[in-house]
Every structure is written in C-alpha cells, then in structure tokens.
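Q: Here is my input, please return the structure:
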Amino acid sequence: MKKIYIPMIAAMLATPIGSTANAEENLNLNIGSGNTEEVLEVEGNVEEWLEDVIEEVPTEEVELEGHENLGPMVYKSSAISSKIAANNKGEYFIYYIMHGSPSALVVVDYQTKEIVHSFTLEDSKSAWGLDVDKNGKLWIGGSVSSVLYSYDPNTQDFEKHGAIFSNKSDTSIQDLIVEGNKIYAGSAYGGSLATYDIQTKEIEEFGQIRKRREFVKAIAADEKTDEIFVSIGSPMDLLVKKPKSKNFTSFLPAKYMSEKYAQDLILTDKYIVARLHPSNKAVIFDRKTLKIEDEFDLNSKTVSTLSPDGKSIYYTKAQQLIKYDFDTKKHTELDLFLPKGTEAVNLDFIMRDSKTVEESPTHNEGVKENIPLVTPYDKNISSKKSTTPQKLVFDESYENSSKEWILSGMVDNLGQLFEYNPQTEEINYLQFDLPEQPVELYTLASSSDGTKIFANGYMSGGLGILDVATGNKELYRNVSQIETMFDINNKLYIGAYPLARLLVYDRSLPWNTENPKEIIRMSQYGQERTTAVTPFNDGKEIIFGTLPDASVGGGDLAFYDTFTKEVEVYEDYIYSQSIVSLVSRGSEVFGGTSIHANQQVNPRGARLFYFNRRNPEDKIYINLPFDSSMITSLIVDNNKKVWGMADGKLFVYTDRETEVKFVELLPLISGRFRNAQIVESDDGYIYGSVEGKLFRVTKDNLTVEWLKNKGVYGLTKDINGDLYYYDGGSNLWKYTIEKNRKKQQ
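A: Residues are numbered from 1 along each chain as shown. Presented below is the predicted three-dimensional model:
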C-alpha cells in the first residue's frame, strides 16, 4: 500500500510522547512534536534494548599489526538505576549506576549531597539489579558476564565477586534481591535463577526456569516461608516455588499471557504486586490463594514497598504521585507532580528526625542541606526488595514518635530525585552533577568524501565525529541511538531509535535544536526502528526501510524527496519481514530482509530483492543458493556488482543471467538485524566483519583471509581506504590496510 506523507501536516497532528525508562527497554523519554532531539535524554525503554544485544564475555587478544586504538568517541552522564539505603549507623547514601563501557557505581552522601566514591564496574556495561543486605551492604548484578559486585558503606570497600552463573548464555543479571543471607539473581539470556550465600559465598544454580524463556526479569523471596516468586519472559509467566517443592508452578491468569514480562515484583505479608510490561498495569495477587485482588494502571517503573506505617504503597501516573491503600483499595492522588515528561524509576523509604520538618523547604525550593539522619527501626527499610514487610510496621508508639519517613525516587537518567514527606505533604527535588562515562559504540559511518568518521553510542546516543586528517574529535550529545546512517551532499541521514524516526543533519550548519531535523516518525505505521538508509539519484531521494514492532505485517519501504520534502511510504513491503539493508545501482534498488518482525520469526527465509525506482511495487526476488535469516549488509563495488552478507555467507550478484557466487565464512550467527558489515577498500579487497571477526576476500576467486578473530564491529572506511571499527565497547579502532602502512610510517 502506497501512502504520501507531508511532514508539515504531520507535525501539526503529532503529540508529545512520554515514556518511563525501564531497562528493552526505560528512564526518561520526552519527545515533543518539534524538530529537536534536545529533550531526548534516554532513548526508549532501556530494558527493551537490552533484549536485542547478545553481550560477549571480554577476553584478551594479542595486539596485531595495523590496528590502532583511537579511544572513546562518546561520553555521557546517564544514570540507569539507583537506590537509597542506610549503613549500620543509619547514615543514608544514594547509589547510582551509570551507563557506560564500562559502567560505574557512584556513591553520594545523602546528608552532605556530595559524591564520595566512584567505582568502575569492570566487565559490565550496565547493572539493573540493586539491593542492600541487613548490614547496609550494597549488592549489584552486572552485565556482559553476570558479575556480582558489592560495596560496603561501613568500611567503604568495593569488591568484585565474579560470575554468578556458569552458563555462558547468562550474560546479564536482570534482577537481584537480598533475603536473609542469600542473594537471588535472575538472568538473560539463559533465563536462569541462582542464589549466592553472603556468608559462605556458595552459589546454587536452579538453571533455566522454563524452556525457550530467555529472561528472569524479576524476583521476590521470603526466607521465613521459603517461597520464591519469579517473572519470566518473553512472553510472560509468573511462577512460585513453594516450600519443599523442587519445581516452579505458574499462577499467571490467561488474560495477561500476551504481556512480555513483569518487570518488578513487590512482596508484602499478604500480597504480591506484579508490575507488567508493556501494558503499564500493576496486578495485586493474594499470596495464599494466588488469585487477583486488584489491578490498576501506572507509569512508574515499579511501586514502592509497603510504607513504614504498614498501610500503603506508592506509584506515579501521568507524572503525579499516588498512594494506594491495601485495606480500602483506594487510590489517593496527592496533587504532587514530578518534572514534565518523567516518572518514578525507583521508590525508596528514608527515616529521619521529625525536627527537620520545620527546616524543610516548600514545593520545588531546591536541595535540602545537612539533614540529620537517624538509624531506622530496621536496616532493610530502604531496600526496594525487602520481603519481610512486617518489620516495617512500627510499634504502638509510632504516632507519637519523633521520627518521620520520606519517600524518594529517581525520575530521569540525569539522576534527579524527588522527596515526598507525607507528614508535611511537601515534595522536593535533588539534582547532582554525576560524572560522565565512555559510552559503548553502536553504529559507525563515514562521510561521502571519507574525511570524517561518525560514531553513535548505544542507548545513551550521542554523535562523535573524528577528523581523519587531524585526529580531532567532536561530540554532539542531543541525538538518540542510531540504527543506521548515510552521508551524502554534506547531509547525514539518520535512522534514529525509538519511534523509527528519520532525521537529517545538515553539516554545513551549526548543530542545534533545529539541526538535526526530524523528517518523519514511522512509528505511526507500527514501525520500531529505521534499519536501512541509502541515497538514490545522487541524493535527490533518500530510501529507507524499517523493522516493525506493533503493525500486522512487515517492515515499510519509504522514499524521502529532498526537494519537495514529501515522504512516500509502501507499507508491509515484504510480508512479515523487516527491511535491514538497501543499496542503489543506477535505476535499480536492492534490498535485504530479516525474518524477525513484530517479535515473530517468519519461517520463510530472508529475501534479496530489487526493483526499478519507477515502479517500487513491482519487486523481483533474487534466489540465493542457500537459506539465511537476515541479509544485513549490501554494497555495490567499482565493477557495479552487488555484494552482500547473508548470515555467515558473503555473496556477489551481477545480474539475472549470472550465477550468484558465495563463500561461507561462519556456519552460525546471532542477532536480528546487525551481525555483519562489508566495505570495498582501495586495495581491491572486500573487507568485512561478521560476529566480531575481521576478514578480507579477493574479488575474483572469493579467497578468504582472517585478519582479527574478535572485537570488530560496525566497519566503515575513510578517504584512504583504511578501516574503522569499534571493539564491542567504547573504543574506536583504526586498521591501516597493508598498502598504506609504509606511507603512514
């Protein structure tokens, strides 16, 4: 189906979109209908993105000739999770996990509001699971190799405890809770559960909870009753392991089976609360009967634990703080609002002297200073995952006590916190200048003249630009994660995530709130990512393809006229498949697909197709002499031959009268649409990276030579034919081809 889209009309109809970040995917998304990326601090649901990436265990490699480390290209201060908790003296600390490659733990003294420590989380690019034990010790579940870390605020010791899972598929700890002397951890992508004994340091692995379920997204446990609750996905299931039972039993009602997972579980003595994703619902189950007691809509990533008075939980919706009473099932809107476009990411309780009530500022008056803190009745009171809520119920003297409690939580990836005092009904905000971290790179491209290399950061976004001649670097921050980009006529065309946006950056003009300019959001057609971009007719048109998320069919094919500014859209261009590579050759346009679309897998293999621009609907399929799941990279060489990567095979196509030639590089590949890139260099070879391995192939007889066996992603080339790639982390690397090495020396 063909549609014509005019950006000016669409801009008038577009509405601002807000989203709370959660980890595929959650911090603070606030995209207005204008042409600016300025407010896009964290792009989409962080947890959602995590599902798309297979993280590798870092390994050492001998330095090879011709390879040069150019260092990080993108930096950003981006907090992905936080927790507020006290040490054994009752002194509170704010713990931030900063996204980066590697990630970092930042410790802020809650009383002085000063950063007191910063620790590198080696072997981790993120950390979603945070909890505190009865002595106030912080435990952190990392990614890449499922590493467990701890920080003791009593001794200020930071420790790396190593991998908690033995299965190599379990690369990321998705959730972590402390109950008694045990740490419970759930993983991706093996969908496993394990426990770590704090005292004996023994690990017990339960293995994969359910076959073909890659995620254990949330955990709750009760040491006294010997119960373990888990949320797995995707799709979602809720399971419980009862005392003396070896197996987990499902209690998920059929009405919720279309959900991806419950991204958090909160346990009280009577109830278990599941925060569902993506429906933005909280469901309350009776712990004994496991039947639904209530459900409600929310926007916060989670709900709080049981309040210190033992009556309520808190959450946010439409930026407003709301209290839910378990006894009456009543929701009380507190008429207290978070900053525009934000929702609570975490919710913790703090205890302090009530004498500070008079010293507290009124609404939005800034940071409270030098607040005296006291030891809570129970050291687990600020732990998000405390699963013995009876400890939080105060004795009979509570109402006459000199103590008061505060509800606090992070609201955006800048680390901004709110504080709500239910005794005074006031809300207050705290903001910290958190340190920047080097960001893992995600997408590389070169300028059309080869003098610039563009690098984009994973999740945090940002665009780093390297000048090939001088080695100087520039960094533009206000752009989100980029799936694909192409430079022509001094304009960089960007396929941005989320919302499958097409942006154009005019490099002759200053970078500002109007540059890059948004052309279209393909999310209105049910598309999730713009995964292929190529110019046609010397850049008079830009052709792009998409990967769908919520539509019925496959990805869309679209044409942007750079003169008339109109967009022509062909929906569901390849039925139930995504368009992940495009290249033009004269009047012909070639494309490749992925069998992954709408969270489904098309049993029909990936398709290689082409069409004449005069009639895009009349597409012709090219039969490849093998089956594949995705055709991820297409180029046209100097002899007008089309080269492509299909899974682990490199192929070359000349015309319909000529046989397709290919060579198998690898038998198995991973991912949905990003596993390989190829370029033609000036020395006559086709260079490529597949599954992180660098190779080159002679064009005449397809002889393969391996140049590096790991750590090569996002391949592109400069004006001299030299190659650039990133190492799976934050560093940009240069590979000088052999014929240029003597010149360089």
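
Q: List the residues that contact the closest residue to residue 648 other than its chain neighbours.
A: Here the nearest residue to residue 648 in space, its sequence neighbours aside, is residue 666; by C-beta to C-beta, 6 or more residues apart in numbering that works out to 3.2 Å. All C-beta atoms are positioned from the backbone trio N, CA, C, and that covers glycine. In this structure, residue 666 makes contact with 647-648, 690-691, 693, judged by C-beta atoms under 8 Å, 6 or more residues apart in numbering.

Q: By residue count, which strand of the protein is the longest?
A: When the chain is parsed with DSSP state E, its longest strand is strand 527-536.

Q: what pLDDT, on average, does that strand get?
A: For strand 527-536, the mean pLDDT works out to 96.

Q: Please apply the same query to stretch 696-711.
A: Throughout stretch 696-711, pLDDT has a mean value of 96.

Q: Centre of the chain to it, how far?
A: How far stretch 696-711 lies from its chain's middle: 32 Å, per C-alpha atoms, centre = their mean, to the nearest Å.

Q: From here on, call the first residue 32.
A: Got it, first residue is 32 now, which makes that one stretch 727-742.

Q: Can you list the buried residues in it?
A: Of the residues in stretch 727-742, those scored as buried under the neighbour-count criterion (16 or more other C-beta atoms under 10 Å) are 727-728, 730, 738-739, 741-742.

Q: likewise stretch 296-313?
A: Of all the residues in stretch 296-313, those buried under the rule 16+ other C-beta under 10 Å are 296-300, 302-309, 311-313.

Q: count of neighbours near residue 315?
A: Summarising burial for residue 315: neighbours were counted as other C-beta atoms under 10 Å, giving 21.

Q: ok, of the contacts of residue 697, which one's closest to residue 547?
A: Residue 547 lies nearest to residue 721 out of the contacts of residue 697, by C-beta to C-beta, at 30.4 Å.

Q: Would you confirm that that closest one contacts residue 702?
A: No. Residue 721 sits out of contact with residue 702 when judged by C-beta atoms under 8 Å, with a separation of 10.7 Å.

Q: just to revisit the earlier point, next SSE after the longest strand of the chain?
A: strand 572-579 (DSSP states H and E).

Q: any idea of the angle that following strand forms with strand 558-567?
A: Put simply, strand 572-579 runs at 160 degrees to strand 558-567, going by axes from the mean of the first three to the mean of the last three C-alpha atoms, to 10 degrees.

Q: if we can go back for a sec, between residue 721 and residue 702, which has more neighbouring residues?
A: Here residue 721 and residue 702 are set side by side on neighbour count (other C-beta under 10 Å), and the busier one is residue 721, at 24 against 16.

Q: any idea how far the more buried one is from residue 364?
A: Summarising the geometry, the distance separating residue 721 from residue 364, computed by C-beta to C-beta, to the nearest Å, is 54 Å.

Q: now do residue 197
A: Counting by C-beta to C-beta, the gap from residue 197 to residue 364 is 48 Å.

Q: any idea which helix or strand of the chain has the worst average confidence?
A: Ranking every helix and strand in the chain by mean pLDDT, DSSP states H and E puts strand 48-51 at the bottom, with a mean of 28.

Q: end-to-end on stretch 150-160?
A: Distance between the two ends of stretch 150-160: 16 Å, counting by C-alpha to C-alpha, to the nearest Å.

Q: In it, which residues are buried?
A: Buried residues in stretch 150-160, counting neighbours by 16+ other C-beta under 10 Å, are found at 150, 152, 154-160.

Q: Next, find the distance separating residue 642 from residue 572.
A: For residue 642, the distance to residue 572 under the criterion C-beta to C-beta works out to 13 Å.

Q: again, but for residue 193
A: Residue 193 sits 53 Å away from residue 572, taking C-beta to C-beta as the criterion.

Q: What of residue 749?
A: Computed with C-beta to C-beta, the distance linking residue 749 and residue 572 is 26 Å.

Q: Likewise for residue 208?
A: Spatial separation of residue 208 from residue 572 under the definition C-beta to C-beta is 53 Å.

Q: Those two: which has the busier surroundings?
A: Relative neighbour count places residue 208 above the other of residue 208 and residue 572, with 26 against 19, counting by other C-beta under 10 Å.

Q: The more buried one against residue 163, yeah?
A: No. With contact defined as C-beta under 8 Å, residue 208 and residue 163 do not form a contacting pair (10.0 Å).

Q: Would you agree residue 557 is in contact with residue 580?
A: Yes. Applying C-beta under 8 Å as the test, residue 557 and residue 580 come out as touching, 6.5 Å apart.

Q: What ranges does the stretch 432-581 of the chain have for its strands?
A: Counting by DSSP state E, counting those that start in this stretch, the segments of the stretch 432-581 of the chain that form strands are 434-441, 448-452, 457-461, 468-469, 472-477, 483-488, 494-498, 504-507, 513-519, 522-527, 532-537, 548-552, 558-567, 572-579.

Q: Can I get those strands in JSON lines including distance to residue 667?
A: Converted to JSON lines, the strands of the stretch 432-581 of the chain look like this (distance: least, C-beta to C-beta, whole Å):
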{"stretch": "strand 434-441", "distance to residue 667": "48"}
{"stretch": "strand 448-452", "distance to residue 667": "53"}
{"stretch": "strand 457-461", "distance to residue 667": "54"}
{"stretch": "strand 468-469", "distance to residue 667": "35"}
{"stretch": "strand 472-477", "distance to residue 667": "16"}
{"stretch": "strand 483-488", "distance to residue 667": "21"}
{"stretch": "strand 494-498", "distance to residue 667": "25"}
{"stretch": "strand 504-507", "distance to residue 667": "30"}
{"stretch": "strand 513-519", "distance to residue 667": "13"}
{"stretch": "strand 522-527", "distance to residue 667": "18"}
{"stretch": "strand 532-537", "distance to residue 667": "22"}
{"stretch": "strand 548-552", "distance to residue 667": "25"}
{"stretch": "strand 558-567", "distance to residue 667": "10"}
{"stretch": "strand 572-579", "distance to residue 667": "14"}
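
Q: nearest to residue 241, of these?
A: strand 558-567 (25.7 Å).

Q: which strands and helices sit next to the closest one?
A: Applying 3 or more C-beta pairs under 8 Å, 6 or more residues apart in numbering; DSSP states H and E, we find strand 558-567 packed against strand 513-519, strand 522-527, strand 532-537, strand 572-579, strand 609-616, strand 619-625.

Q: In the helix or strand that the fourth one is followed by, which residues are buried?
A: Sequence order places strand 588-592 as the next helix or strand after strand 572-579, per DSSP H and E. Residues of strand 588-592 classed as buried by neighbour count (16+ other C-beta under 10 Å): 588-591.

Q: What is the nearest of these to residue 466?
A: Sorting the buried residues of strand 588-592 by distance to residue 466 puts residue 591 at the head of the list, at 39.1 Å, by C-beta to C-beta.

Q: My understanding was that the closest one contacts residue 567; is that so?
A: No. Using C-beta under 8 Å, residue 591 is not in contact with residue 567, being 9.8 Å away.

Q: hey, what's in contact with both of the two?
A: Joint contacts of residue 591 and residue 567 (C-beta under 8 Å, 6+ apart) are 573-574.

Q: Point out where the chain drops to low pLDDT.
A: Counting by pLDDT under 70, the chain has low-confidence residues at 32-94, 386-433, 581-582, 774-776.

Q: Would you map the helices across it?
A: Ranges of helices within the chain are 38-44, 77-81, 769-775, based on DSSP state H.

Q: Relative to residue 175, how far out is residue 244?
A: 21 Å.

Q: These two: which is more packed in?
A: Looking at residue 244 and residue 175 with other C-beta under 10 Å, you find the greater number of neighbours at residue 175, namely 23 against 20.

Q: what are the phi and psi angles of that one?
A: Reported as degrees, to the nearest 10, the phi and psi values for residue 175 are phi 70, psi -50.
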